[in-house]
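Visitor: Pasting the sequence and the predicted model now:
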Amino acid sequence: MPKRILVGTVTSDKTDKTVTVKVERKVKHPLYGKIIRRSKKYHAHDENNEYAIGDVVRIEETKPISKTKTWAVKDRVTAGGTQAVEADLEVEAAGN
């Protein structure tokens, strides 16, 4: 049986060798027909702790690694992460 592969965004990397990946899918509401988003979080194995919050990654189904981990990170699709943004704020004294 082939292994399932999902694409999602890393939402947490606090645990050692584990990342939490949020996978979103769009489904049609059975009664109203509106397209709605459904999401689910998976714990995925990250051996080298190389993935950070905001990265879009591809995860692959594996044999159980622990009680909650049955997925492993395959590769990074796009790098996200938090980036520092410099703001140029010029504050002028009021009453000039």
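Guide: Everything's here; your move.

Visitor: And residue 80, what's its pLDDT?
Guide: Per-residue pLDDT puts residue 80 at 78.

Visitor: what do you get for residue 88?
Guide: Residue 88 is given a pLDDT of 64.

Visitor: And the one 5 residues further on, by the same measure?
Guide: What the model reports for residue 93 is a pLDDT of 61.

Visitor: now do residue 51
Guide: 94.

Visitor: Tell me if I'm right that it and residue 13 touch.
Guide: Yes: contact criterion CB atoms under 8 Å: residue 51 and residue 13 qualify, at 6.3 Å. C-beta coordinates here come from the backbone N, C-alpha and C atoms, glycine included.

Visitor: Burial check on residue 37, number of neighbours?
Guide: As a burial measure, residue 37 scores 8 neighbours (other CB atoms under 10 Å).

Visitor: and what of residue 52?
Guide: Close neighbours of residue 52, defined as other CB under 10 Å, add up to 14.

Visitor: Repeat that for the one 5 residues further on.
Guide: Using other CB under 10 Å, the number of residues around residue 57 comes to 22.

Visitor: do the same with residue 48
Guide: Neighbours of residue 48 using other CB under 10 Å come to 7.

Visitor: element containing it, please.
Guide: Following DSSP states H and E, one finds residue 48 outside all helices and strands.
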